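Sequence plus the predicted model coming up.
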Amino acid sequence: MISVAAELSATLGRAFAAEGLAAHFGQVTLSDRPDLCQFQCNGALAAAKAAKANPRDIAGRIAARLKEDARFSRIEIAGPGFINMDLTDAALAGFLEDRGEAPPNGKTALIDFGGYNIAKPLHVGHLRSSIIGDCLQRLYRANGWRVISDVHVGDWGLQMGQLISEIGLREIAPIYFDAAFDGPYPEVSPVTMEDLEEIYPAASAACKTDPARLELARRATVDLQDGRPGYRALWQHFVDVSQVGLSRETQSLGVSFNYWRGESSVHDLVAPMLEDLKARGFADISEGALVMPVAEDGDKKPMPPLMLVKSEGGLLYGTTDLATIIERVRDFDPDLILYVVDQRQHLHFEQVFRAARKAELTGKAVLEHAGFGTMNGPDGKPFKTRAGGVMKLYDLIAMATVQANSRLAEQGLGGDYAAEEKAEIARQVGLAAIKFADLSNHRITDYIFDLERFSKFEGKTGPYLQYAAVRIQSILRKAEAEGHDVGIPAIHSPEERALALQLLSQADVMIAAEAKRAPNILCDYAFELARKFSRFYGEHHIMSETDLALRGQRLGTCARTLAVLREILALLGIEVPERM
RNA sequence: GCGCUCGUAGCUCAGCUGGAUAGAGCAUCAGACUACGAAUCUGAGGGCCGGGAGUUCGAAUCUCUCCGAGCGCGCCA
């Protein structure tokens, strides 16, 4: 897949260079005024500013150098010095023939998302991290990156101590608390995932109201982290039962990870890291705790230090985050570590990143927090169940499936399909509604979750895009059944030209989405592609076309559009049913 | 108090490394099927881009300031 804009940028860049100007001024983009031209270059204005020259004059000299390039059908200077360009239909069709994949770029990105916790079922708070992170990993891979995704399970903090102490208090499994017992411990977990889901909130609530109870949890946490055998054994059971439950949920979401490492996996790195930081004078005791100052010269705002060890000896998530950077640099040597985590943790990441850079722990990696806003209910507050509790992901997906089912029924679709296929379509449509809605909003802003709106087949929704793809599949199926040949796309009309330009901007869009870590750019593109196809489809009847060559070309356009649409939807994690 | 992220059409949102007439979807109104899936398409109306000031040939975009919202701010994660 090549980028037409990049090709033209190179051409214009050479022209700028030949005029003694910097080549980067030659940057060409798809026109934002399609009524005026297909491609534009605004570099003459910037170049004129730098060279203190007349922009129209520079634009004219560049344009003169392009006159001999047969790919252009029109080059025009407009306004203060915009260079407007159109390509010939032959040139556009020629670009359309290339369909390669992005070659490996030799870089590694580690994407940290999910952030699930032991003993807690996934809830809507995990939804955005999962969906956005998964989209980014698919996109980065498609763009040639080597991607390592890691869910970074929360399995090492105070919650573990809360669970352990609660189980101790309830005397569910005394053997793990018997200091005299020297094993081996039972192989079967004394608690199920369901037990943990009940025990954790109870323990958490008790700790909130009772300082003595909290102290007990803290002690248990420290003992666990210090390696008390019974606690470790019990903890291992938590991890095992939770992982079964969690991976079942990510499967139903269609999200996957290369690694299911947890905070605990870096525990052995923590002590040496702390020694090292102390030895090099980066960390000091303050009010009984070990902290690392991360304020920098020139800070306009106060920057609290990163806390590494609590006064009672417990570790914090900043400690494990820092150690995890060491682990990741050691194991994968990434060029980029991307944290797809709630925007509310931004300050925390700022502290961790500063600490990592200050102590030179990052290797060649750039650290970046790709934060996201919250998913809110109709009242603008974080999404809750009707009862006011936290909405579980499982229930949310079920709601979306029900909604999709009734929409499909409303439209009288799939009436004669087998129940199994209908259920599968509803599942795919429901998930598409959720994912597209989530991804099409700008990552950093909050958005209001409105299932009814997201599930509509009209407008900018996941189901609409699935419908668009299914409709093209239907045409191609019919063409195949009638023995029609699928040819190579050609351009004979404004609708075909607009569609071709849209198809050709795929690479640029994928690069832009990568650079900004912004899935909504992909969503806009997919929607616009579907719309341009609909326009083409409305103007040109395909199956009844008697000119066989023309019919073949149009079928080729259909096939090509479908391929690109499916690719983009796949990046979004959205499946396309065979039929609806 | 300090900081972060925002404030764009009636509603939900794009656009923000400065560029031409600020765009979608929904809703409203007016059109288009004896044809491939009308779940669609075409067109119209609808905007002091929160207010003010500054930088610039040019500001929704950059800077400052004020107003408003959400969220953070060393022993939770």
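Nice, I can see it. Note that the structure is a prediction, hence the values are computed from the model and not measured.

what's the closest non-adjacent residue to residue A:530?
Among residues not flanking residue A:530 along the chain, residue A:468 sits closest, at 3.9 Å (CB to CB, 6 or more residues apart in numbering). (C-beta placed from N, C-alpha, C; glycine too.)

What separation do you get for that neighbour and RNA strand B?
As for residue A:468, its distance to RNA strand B is 7 Å (criterion: CB to the nearest atom of the strand, to the nearest Å).

Residues contacting the helix or strand encompassing that residue, please?
For residue A:468, the host element (DSSP states H and E) is helix A:462-481. Here helix A:462-481 makes contact (CB atoms under 8 Å, 6 or more residues apart in numbering) with A:404, A:407, A:428-429, A:431-437, A:454-458, A:486, A:526-527, A:530, A:533-534, A:537, A:542-543, A:555, A:558-559, A:561-562, A:565-566, A:569, A:574, A:576-580.

if we look at RNA strand B, which of those residues are close to it?
Applying CB under 7 Å from any atom of the strand to these, one finds that A:407, A:456-458, A:527, A:530, A:534, A:537, A:542-543, A:579-580 fall near RNA strand B.

Would you map the strands across the stretch 151-300 of chain A?
A:284-286, A:289-292 (DSSP state E, counting those that start in this stretch).

looking at those, which is closest to RNA strand B?
The closest approach between RNA strand B and any of these, judged by CB to the nearest atom of the strand, belongs to strand A:289-292 at 3.8 Å.

Centre of the chain to the closest one, how far?
34 Å (CA atoms, centre = their mean, to the nearest Å).

close to RNA strand B, is that strand?
Yes. Shown here: strand A:289-292 in contact with RNA strand B (CB under 7 Å from any atom of the strand) through A:289, A:291.

what's downstream of that strand, the next helix or strand?
strand A:306-309.

thinking again about what came up before, is it possible to get TSV of the strands of the stretch 151-300 of chain A that adds distance to residue A:503?
Below are the strands of the stretch 151-300 of chain A laid out as TSV (distance: least, CB to CB, whole Å):
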stretch	distance to residue A:503
strand A:284-286	59
strand A:289-292	51
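
just those: most buried one?
Counting by mean count of other CB atoms under 10 Å, strand A:289-292 has the highest mean neighbour count of these, with a mean of 20.

Can you list the strands that that strand pairs with?
Here strand A:289-292 is paired, per DSSP bridges, with strand A:284-286 (antiparallel), strand A:306-309 (antiparallel).

Need those in CSV (columns: mean pLDDT).
Formatted as CSV, the strands paired with strand A:289-292 follow (pLDDT from 0 to 100):
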stretch, mean pLDDT
strand A:284-286, 93
strand A:306-309, 96
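
For these, give me TSV that also has distance to residue A:234.
TSV is the format used below for these (distance: least, CB to CB, whole Å):
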stretch	distance to residue A:234
strand A:284-286	32
strand A:306-309	23
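
For the residue in the stretch 301-450 of chain A positioned nearest to RNA strand B, which residues are in contact?
At 2.6 Å from RNA strand B, residue A:442 is the closest residue in the stretch 301-450 of chain A, using CB to the nearest atom of the strand. Residue A:442 makes contact with A:518, A:520 under the criterion CB under 8 Å, 6+ apart.

which SS class is it?
Secondary structure state of residue A:442, per DSSP: H, G, I helix; E, B strand; the rest coil, is coil.

got the CA positions of the one helix or strand in chain A whose mean pLDDT sits lowest in PDB?
Taking mean pLDDT, DSSP states H and E as the measure, chain A has helix A:43-51 as its least confident helix or strand, at a mean of 88. C-alpha atoms of helix A:43-51 as PDB (Å, rounded to 0.1, in the frame of the first residue of the first chain):
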ATOM      1  CA  GLY A  43       4.500  24.800   1.600                       C
ATOM      2  CA  ALA A  44       5.100  27.900  -0.600                       C
ATOM      3  CA  LEU A  45       3.600  30.100   2.100                       C
ATOM      4  CA  ALA A  46       5.800  28.700   4.800                       C
ATOM      5  CA  ALA A  47       8.800  28.800   2.600                       C
ATOM      6  CA  ALA A  48       8.100  32.400   1.700                       C
ATOM      7  CA  LYS A  49       7.900  33.300   5.300                       C
ATOM      8  CA  ALA A  50      11.300  31.700   6.000                       C
ATOM      9  CA  ALA A  51      12.900  33.100   2.900                       C
END
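
quick one: buried residues of it?
Buried positions in helix A:43-51, judged by neighbour count with 16 or more other CB atoms under 10 Å: A:43-48.

For residue A:509, which non-adjacent residue is spatially closest?
Spatial nearest neighbour of residue A:509, excluding adjacent residues (CB to CB, 6+ apart): residue A:525 at 4.4 Å.

burial of the one you found, as a residue count?
22 (other CB atoms under 10 Å).

With residue A:254 instead?
Counted with other CB under 10 Å, residues neighbouring residue A:254 total 16.

domains in chain A, as residue ranges please.
Domain ranges of chain A: A:4-87, A:108-154+A:260-375, A:158-253, A:393-571, per automatic domain parsing.

can I get those domains in JSON lines with distance to residue A:382?
Shown next, in JSON lines, are the domains of chain A (distance: least, CB to CB, whole Å):
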{"stretch": "domain A:4-87", "distance to residue A:382": "36"}
{"stretch": "domain A:108-154+A:260-375", "distance to residue A:382": "5"}
{"stretch": "domain A:158-253", "distance to residue A:382": "17"}
{"stretch": "domain A:393-571", "distance to residue A:382": "9"}
